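Visitor: What follows is a protein structure lacking sequence information:
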Ligand code: ZN
Ligand code: ZN
């Protein structure tokens, strides 16, 4: 049997086209409530003869660290992507982590393509496509594009000339359920037309930030997803569904976001300029979460790190305060891309999020009570497959998705 080794893990050649779906922000309750309401008949059928388990995301429970973990099969300590935003250790400047140069490990797609496989990657957001497509050669055996920039694809850059024609859709608004629907529609067409050996479909969590499980907005998203799951299943693919992270309410009873403004607090305690709070959730698309999540890292310039940690630990709603070394060991993070202190929030209700300074967060775009992620309370994710697993690990991680599809599927 042909085997491909990537980042120290072995992957058998899949027994049928393998489609891994990363449903962004898909807290397990979303699919469970939609199924209970009879809105996901295809998923119900898939689960009846396959698997319906839970697994864990990596921490921080953010999109890019988890997507890159899924496609490399390893945690951020190996691939280096620990958020959207960091202090560049080379320059000391705050910068986005979108550039593929930050990715330190080859993807499973790159390794499989080198071994002769056909691979397809479709994402909602283009920033993620750039990272996931790193190392692919567009020679007719790879396709990688985003629905966000589907009208700007080229054969040279994306391996496809007309993505909108393929999906049968125009480019959707970046803040819409349509951005994710495009991913599924393209995936169904690629499965029958392009015939990939490996395919990765990664959606966006716009809907999950806005709508809680069981709400009309969420249910219509999952009913839509179910139609495409049915088509992928009937197309003969091995389908493995995971999420990058969960999603929880992050607001108080009156609907106001439950925020601790950590930079303001540390400035008061130690003086301005002595600490720098970095929120790795920061990205150009903040309308739906205001750059508020349950994970932060703090750089300390002068004060005693232990004193800073003690000050943070005093605040209500803080779940974890650890120094760089122990935090990176516990959560498998790259030490050179983390501050002196690592902080996770949540509190008894799991609702606490971390901000920098009150003045730096524009919450005017929040048109629904805040829901977000980043902490331990969003670590649980679904792991679903349309075939049974054999000899799968008891504790699944979302980044086992390709290994499950390649190595642990029972033929049926
Ligand atoms: Zn996400
Ligand atoms: Zn999100």
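Guide: Nice, thanks for sending it over. Just so you know, these numbers come straight off a predicted model, no measurement behind them. Ligands and ions are numbered 1, 2, ... in the order given.
Visitor: how far away is the spatially closest residue to residue 96 that is not a sequence neighbour from residue 97?
Guide: In this structure, residue 96 finds its nearest non-sequential neighbour in residue 85, 5.9 Å apart by C-beta to C-beta, 6 or more residues apart in numbering. Where you see a C-beta, it was placed from the backbone N, CA and C, and this is true even at glycine. From residue 85 across to residue 97, the span is 6 Å (C-beta to C-beta, to the nearest Å).
Visitor: Can you work out which residues contact both of these two?
Guide: Taking C-beta atoms under 8 Å, 6 or more residues apart in numbering as the contact rule, the neighbours common to residue 85 and residue 97 are residue 280.
Visitor: what about these two, which has more around it?
Guide: Between residue 85 and residue 97, counted using other C-beta atoms under 10 Å, residue 97 has the larger neighbour count: 24 against 19.
Visitor: residues touching the residue in the stretch 301-412 of the chain positioned nearest to ligand 1, list them.
Guide: Each residue of the stretch 301-412 of the chain has a distance to ligand 1, by C-beta to the ion, and the smallest belongs to residue 373, at 6.8 Å. With contacts defined as C-beta under 8 Å, 6+ apart, the neighbours of residue 373 are 25, 61-62, 205, 245-248, 293-294.
Visitor: Try it again at 10 Å.
Guide: If you count contacts by C-beta atoms under 10 Å, 6 or more residues apart in numbering, residue 373 has them with 24-25, 27, 57, 60-63, 66, 205, 208-209, 243-248, 250, 281, 289, 293-295, 353, 379.
Visitor: again with residue 267
Guide: When contacts are counted by C-beta under 10 Å, 6+ apart, residue 267 is found next to 261, 273-275, 277, 356-357.
Visitor: That one falls within a helix, correct?
Guide: Yes - the assignment for residue 267 by DSSP: H, G, I helix; E, B strand; the rest coil puts it in a helix.
Visitor: Quick check: pLDDT value at residue 412.
Guide: Model confidence at residue 412, expressed as pLDDT, equals 60.
Visitor: Please name the nearest non-neighbouring residue to the residue nearest the centre of the chain.
Guide: Per C-alpha atoms, centre = their mean, the C-alpha nearest to the average position across the chain is that of residue 63, at 2.8 Å. The spatially closest residue to residue 63, leaving aside those adjacent along the chain, is residue 244, at 5.2 Å (C-beta to C-beta, 6+ apart).
Visitor: does that neighbour count as helix, strand or coil?
Guide: Counting by three-state DSSP, the backbone at residue 244 sits in coil.
Visitor: That one contacts residue 56, doesn't it?
Guide: No - with contact defined as C-beta atoms under 10 Å, residue 244 does not reach residue 56; the gap is 11.5 Å.
Visitor: which residues do these two both contact?
Guide: Here residue 244 and residue 56 share the contacting residues 381, 398-399, scored by C-beta under 10 Å, 6+ apart.
Visitor: so who does residue 228 touch?
Guide: So, once contact is read as C-beta under 10 Å, 6+ apart, residue 228 ends up touching 21, 42, 180-181, 183-188, 201.
Visitor: helix or strand for it, which one?
Guide: Taking DSSP states H and E as the definition, residue 228 sits inside helix 216-234.
Visitor: what's the spacing between stretch 308-317 and its chain's center?
Guide: Stretch 308-317 has its C-alpha centroid displaced from the chain centroid by 28 Å (C-alpha atoms, centre = their mean, to the nearest Å).
Visitor: Phi, psi for the residue of the chain found nearest ligand 1 please.
Guide: When distances are taken as C-beta to the ion, the chain approaches ligand 1 most closely through residue 63, which lies 3.1 Å from it. Torsion angles at residue 63 (phi, psi; degrees, to the nearest 10) stand at phi -70, psi -60.
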